[in-house]
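>>> Could you work out the structure for the sequence below:
(one chain, ligands or ions: 1)
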Amino acid sequence: MLRMSQKLLLRRAIELSDKLFDDEGDELCPGSAHTHPLCGNTDNYMQFPGVWYFQCGHITPKIVSGLIKGSKMLSVGSGEARLERLLTEGFGASKQNIVLSDMSLYAQARESGMKCYEFDMTKPWPKLEEMFDYIIFPESLGVALLKAEEQLSFRYFDILSRVEKQVLASDYSSQDIGFFMDVVGMDVSRVHTVCSILEQGMKYLNSGGTLIVKHGINAGQQKAYIMAKFHRDYPGITFRPDLPEDDLVLKL
Ligand SMILES: C[S@@+](CC[C@H](N)C(=O)[O-])C[C@H]1O[C@@H](n2cnc3c(N)ncnc32)[C@H](O)[C@@H]1O
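Numbering: from 1, shown residues only. Got it, this is the predicted structure:
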């Protein structure tokens with residue numbers, strides 16, 4: 001599995017998903033056929049086929065292989081847990097090693113055989129009883145923050161956009177980084193909410209562990225703020241450089 005290419009892994013994920021979920025519809029078009037959960041929930045959150053996360057490259061051969069060998073994962077905002085059920089019932093990761101959580105747990109999660117927590121990620125988290133190698137926010141962080149305002153600062157545009165580009169390219173050498181963080185931190189309150197959610201997760205991340213956000217960072221400026229702050233506060237932290245601005249993958 002570890003040596004498998006992302007393309008082959010995706011193909012395998014589609015095969016397994018077809019066997020497991022006969023109602024999945026078009027696997028590569030998220031939510032197209034399933035905008036309404038079938039479990040009695042009335043929130044109408046879009047539910048994503050597990051293969052979506054393979055297609056986007058967030059679930060890699062290394063992660064699947066790690067989970068099969070006993071690495072532990074926490075999913076925050078797991079919804080119907082399609083990804084997590086694909087990993088366990090399809091790929092054979094142990095149900096002991098994947099923990100689900102949601103603001104309001106879906107029936108599919110409760111009945112999945114995986115351990116579940118119920119909490120609002122934007123509030124203080126309950127004490128979790130274990131540490132994780134992977135923490136994933138699968139299409140959930142952006143949803144939790146749908147109402148958050150102040151998405152972008154439009155002041156000092158030249159400086160902010162220059163520093164943003166440098167930090168997104170993992171260059172933290174600019175003397176203006178402090179200024180960038182001051183202005184964005186003042187103007188874009190959303191970044192503090194995102195950082196505080198991710199930091200609550202990072203308390204439960206093993207050294208060398210990976211945190212994955214699929215959707216919810218919202219703008220390059222916000223992403224650069226988060227990267228600059230975590231680069232300052234967590235020595236040795238690294239970020240995956242090849243992702244859209246809306247996504248973030250970091251390794252402690
Ligand atoms: C778009 S759905 C994605 C569900 C699932 N992860 C998937 O990939 O299909 C968003 C999920 O985030 C959860 N959610 C929304 N706000 C939340 C919050 N404040 N704390 C925890 N979960 C939240 C919703 O209950 C829902 O399950």
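>>> Could I get the full set of helices for the chain?
For the chain, applying DSSP state H gives helices covering 6-20, 51-55, 61-69, 82-85, 107-110, 141-144, 157-168, 177-187, 190-202, 220-233.
>>> Stretch 127-147 close to the ligand?
Yes: contact of stretch 127-147 with the ligand (CB under 6 Å from any ligand atom) involves Pro138, Glu139, Ser140, Val143, Ala144. No exception for glycine: its C-beta is placed from N, CA and C like everyone else's.
>>> So out of everything in the chain, what residue is nearest the ligand?
Using CB to the nearest ligand atom, the closest approach of the chain to the ligand is made by Gly79 at 2.6 Å.
>>> any idea how far that residue lies from Gly92?
As for Gly79, its distance to Gly92 is 22 Å (criterion: CB to CB, to the nearest Å).
>>> ok, the two, which is more surrounded?
Gly79 (26 against 12; other CB atoms under 10 Å).
>>> from memory that one sits against Ala109, does it?
Yes: using CB atoms under 8 Å, Gly79 is in contact with Ala109, at 7.5 Å.
>>> what do these two both touch?
Here Gly79 and Ala109 have Asp102 as joint contacts, going by CB atoms under 8 Å, 6 or more residues apart in numbering.
>>> list the contacts for the residue of the chain closest to the ligand?
Residues near Gly79 by CB under 8 Å, 6+ apart: Pro37, Tyr45, Gln47, Phe48, Asp102, Tyr106, Ala109, Pro138, Glu139, Ser140.
>>> now those residues as TSV including pLDDT?
Shown next, in TSV, are those (pLDDT from 0 to 100):
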residue	pLDDT
Pro37	40
Tyr45	80
Gln47	87
Phe48	91
Asp102	96
Tyr106	92
Ala109	95
Pro138	97
Glu139	95
Ser140	95
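>>> from these, which is closest to Asp18?
Checking the contacts of Gly79 against Asp18 by CB to CB gives Phe48 as the nearest, at 15.9 Å.
>>> Angles on the backbone of the closest one, please.
With angles defined as degrees, to the nearest 10, Phe48 sits at phi -100, psi 140.
>>> Test my guess that it contacts Ala81.
No: contact criterion CB under 8 Å: Phe48 and Ala81 do not qualify, at 10.7 Å.
>>> And those two? Which one has more around it.
Taking neighbours as other CB under 10 Å, Phe48 and Ala81 compare with Ala81 leading, 26 against 22.
>>> and the closest residue to the more buried one other than its chain neighbours, what does it touch?
The shortest distance from Ala81 to any non-neighbouring residue, by CB to CB, 6 or more residues apart in numbering, is to Ala109 (4.6 Å). By CB under 8 Å, 6+ apart, the contact list for Ala109 reads Ser78, Gly79, Glu80, Ala81, Glu84, Leu100, Asp102, Cys116.
>>> Quick check: bridge partners of the residue lying closest to Gly201 once chain neighbours are set aside?
Nearest residue to Gly201 in three dimensions, chain neighbours excluded: Ile135, at 4.6 Å (CB to CB, 6+ apart). Counting by DSSP bridges, Ile135 forms beta bridges with Leu74, Leu211.
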